[in-house]
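K.L.:
3D model of this:
(2 chains)
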There are 2 protein chains.
Amino acid sequence: MVIEKDDKLILLTNDDGLYAAGLKTLLEVMEEFGKVVMVSTMESQSGMSQALTVKTPLRVKLLEETDKRRIYACNGTPTDSIKLAVNQLLDRTPDFVVSGINHGANASVSVLYSGTMAAALEGCLYGICSVGFSLNSFSPTADFSVCKEYIRIVMKKLLSESLPAGICLNVNIPAVEADKIKGIKICRQSKGNWKEEFEKRKDPMGKTYYWLTGSFVNHEPDAQDTDEWALANNYVSVMPVSVDMTAYWYMDKLKSRFDK
Amino acid sequence: MVIEKDDKLILLTNDDGLYAAGLKTLLEVMEEFGKVVMVSTMESQSGMSQALTVKTPLRVKLLEETDKRRIYACNGTPTDSIKLAVNQLLDRTPDFVVSGINHGANASVSVLYSGTMAAALEGCLYGICSVGFSLNSFSPTADFSVCKEYIRIVMKKLLSESLPAGICLNVNIPAVEADKIKGIKICRQSKGNWKEEFEKRKDPMGKTYYWLTGSFVNHEPDAQDTDEWALANNYVSVMPVSVDMTAYWYMDKLKSRFDK
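P.N.:
Here you go, the predicted model:
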């Protein structure tokens, strides 16, 4: 693949692994917008957050190259994949980092745990226009094609004007038929958390182990400006995510507490 | 260990593993404030961010119990440790989640990658008053005792008044002699990122692998309200960290872009 000066270069990754249906769909749409370098995790890396591989070596394998795409698999996390691509695999900084389409929503606090969104945050830290896409379905037969129209809309907005420094987008798409989706809503992150999160089991040797499970609790199900509300009401949610986690509104109060 | 109704219950973890000097120091100080349940990661989990273990079982081992402490080791991440403790190991919700003392600073964007800070964020998501402590030194002989005085100051503030919902603290302590530390500064997260992050090597079979390395680039070294500036100038930095990553200041502009 030759990347010309005028080509848009799109770096693509996900956290569901190389054979994920959502990744395939996203690759198809991205090829409409430019040359694509995909660096996928070899296996599922769901819930890996912005984890870095620091204790073991990373391996990368070039799997496919055509005029329009170059596809690598990486044995690390989504964040490793972006770092490796930007630092080692690409000759120039990409115009976009695009991650997903995740199998399952990344609304509310899931943004903190999500490998998909971590890849977008990582791109954002490099100063690259970055976005993560997720479909609100864990079904093995989920239909990702409903996402295409909204991915195109978001990408066209980003092509016409990039995002400010330090901000990437978290886009969640309802898993309903296309004609049921009411449109796009710009949202804030819902307040919520996960509860009752482990199954306690015995292994064949009679020893106890725990397996993570659990259910999400929405603390503000009626708040119409949140991503969870948007998804529950068949809107595509678009949340601007900040890499700056400072709680600015509490700075002055905290200062006064420590001045005492 | 019997936990009386009036006892303060402190849940302690870290990301440097069970034998880390910083964890030992933090345990000593926490015993001054209440009964301590420590759930440490068995091995170092640095850079694991808020990663969850979803594909493999978790194991927990009770290592020690006295009148004042109960110590477990967990084979998962710092976030797993907090989740397991709150959901399975503790009879009641702890009054504090305390994480660290990390071997190395967690200022600027390191808060996104840090297992130490992820544990504090996890406590915060459960509505528990949570704080992560880090020492600005990677030296194997780092002296953590300098941290004690400042940990006590922070804990006394939190005992007299908790933090608002959705906020935890990120405390970074300079690795200098006690009389060189100028005091505590309430800070925002510095803008910065990591650069040149991989060493490309050949394994004994002649195959290429990559190992993560790199150096931090501070984008605003002169900004006196940032955590990096505070550390560089021998102040203890205290940053209020929000679990809500919404970039509120960009919401209206983003809405107007999608309304067009």
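K.L.:
So which residues on the stretch 1-150 of chain A come close to chain B?
P.N.:
A:44, A:46-55, A:57-60, A:77, A:79-80, A:83-84, A:87-88, A:109, A:111-113, A:118, A:121, A:125-127 (Cβ under 8 Å from any Cβ of the partner chain). C-betas here are computed from N, CA, C, even on glycine.
K.L.:
Could you pull out the strands in the stretch 151-260 of chain A for me?
P.N.:
A:167-173, A:183-186, A:192-195, A:198-202, A:208-212, A:215-218, A:235-242 (DSSP state E, counting those that start in this stretch).
K.L.:
Among the residues of the stretch 1-150 of chain A next to chain B, which are located in strands?
P.N.:
The strands, defined by DSSP state E, take in A:V60 from the residues of the stretch 1-150 of chain A next to chain B.
K.L.:
Now restrict the residues of the stretch 1-150 of chain A next to chain B to buried residues only.
P.N.:
Buried subset of those (neighbour count, 16 or more other Cβ atoms under 10 Å in any protein chain shown): A:44, A:46-53, A:57-60, A:77, A:79-80, A:83-84, A:87-88, A:109, A:111-113, A:118, A:121, A:125-126.
K.L.:
can you put the strands of the stretch 151-260 of chain A in CSV and add mean neighbour count and mean pLDDT?
P.N.:
Below are these laid out as CSV (neighbours: other Cβ atoms under 10 Å in any protein chain shown; pLDDT from 0 to 100):
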stretch, mean neighbour count, mean pLDDT
strand A:167-173, 27, 98
strand A:183-186, 18, 98
strand A:192-195, 18, 90
strand A:198-202, 12, 92
strand A:208-212, 18, 93
strand A:215-218, 13, 92
strand A:235-242, 26, 98
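K.L.:
Turn the ones you listed into CSV, including distance to chain B.
P.N.:
Listed next are those as CSV, based on distance: least, Cβ to the nearest Cβ, whole Å:
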stretch, distance to chain B
strand A:167-173, 5
strand A:183-186, 5
strand A:192-195, 4
strand A:198-202, 5
strand A:208-212, 4
strand A:215-218, 10
strand A:235-242, 4
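K.L.:
and the closest residue to A:P174 other than its chain neighbours, how far is that from chain B?
P.N.:
In space, and not counting its chain neighbours, A:P174 is closest to A:N234: 4.9 Å by Cβ to Cβ, 6 or more residues apart in numbering or on different chains. Distance, A:N234 to chain B, by Cβ to the nearest Cβ, to the nearest Å: 17 Å.
K.L.:
wait, which of the strands of the stretch 151-260 of chain A is closest to A:D225?
P.N.:
Nearest to A:D225 among those is strand A:183-186; the distance by Cβ to Cβ comes to 8.2 Å.
K.L.:
mind checking how far the closest one is from the chain centre?
P.N.:
With Cα atoms, centre = their mean, to the nearest Å as the basis, strand A:183-186 stands 18 Å off its chain's centre.
K.L.:
got the contact list for the nearest residue to A:G115 once chain neighbours are set aside?
P.N.:
Among residues not flanking A:G115 along the chain, A:D15 sits closest, at 3.0 Å (Cβ to Cβ, 6+ apart). Contact partners of A:D15, counting by Cβ atoms under 8 Å, 6 or more residues apart in numbering or on different chains, are A:41, A:44-46, A:48, A:77-78, A:99, A:102, A:114-116, A:118-119.
K.L.:
Just these: which are in helices?
P.N.:
A:78, A:115-116, A:118-119 (DSSP state H).
K.L.:
From those, pick the one nearest B:A178.
P.N.:
Taking the ones in helices among the contacts of A:D15 together and measuring to B:A178 by Cβ to Cβ, the closest member is A:A118, at 37.4 Å.
K.L.:
Which residue is the nearest non-sequential neighbour of the closest one?
P.N.:
A:A118's closest residue in space is A:Q50 (Cβ to Cβ, 6+ apart), at 3.9 Å.
K.L.:
and the gap between that neighbour and A:T93?
P.N.:
Plainly put, A:Q50 is 20 Å away from A:T93 if you go by Cβ to Cβ, to the nearest Å.
K.L.:
ok, now A:A142?
P.N.:
Note on A:A142: its distance to A:T93, by Cβ to Cβ, is 33 Å.
K.L.:
quick revisit: how about the strands of the stretch 151-260 of chain A in CSV, adding distance to B:N218?
P.N.:
Listed next are the strands of the stretch 151-260 of chain A as CSV, based on distance: least, Cβ to Cβ, whole Å:
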stretch, distance to B:N218
strand A:167-173, 20
strand A:183-186, 32
strand A:192-195, 33
strand A:198-202, 40
strand A:208-212, 36
strand A:215-218, 37
strand A:235-242, 18
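K.L.:
pLDDT wise, what is A:P140 at?
P.N.:
Listed pLDDT for A:P140 reads 88.
K.L.:
residues touching it, list them.
P.N.:
A:P140 neighbours (Cβ under 8 Å, 6+ apart): none.
K.L.:
Let me see the backbone angles for it.
P.N.:
Here is the backbone geometry of A:P140 (degrees, to the nearest 10): phi -60, psi -20.
K.L.:
Mind naming the longest helix for chain A?
P.N.:
helix A:148-160.
K.L.:
Against which helices or strands is it packed?
P.N.:
Contacts defined by 3 or more Cβ pairs under 8 Å, 6 or more residues apart in numbering or on different chains; DSSP states H and E place helix A:148-160 against helix A:21-30, strand A:96-103, strand A:129-135, strand A:167-173.
K.L.:
Let's see that with 10 Å instead.
P.N.:
On a contact count with 3 or more Cβ pairs under 10 Å, 6 or more residues apart in numbering or on different chains; DSSP states H and E, helix A:148-160 meets helix A:21-30, strand A:96-103, strand A:129-135, strand A:167-173, strand A:183-186, strand A:235-242, helix B:251-259.
K.L.:
okay, and the helix or strand of chain A with the least pLDDT?
P.N.:
Every helix and strand of chain A was ranked by mean pLDDT, DSSP states H and E. The lowest is strand A:192-195, at a mean of 90.
K.L.:
Parallel or antiparallel, list what pairs with it.
P.N.:
When sheet partners are counted by DSSP bridges, strand A:192-195 sits next to strand A:215-218 (antiparallel).
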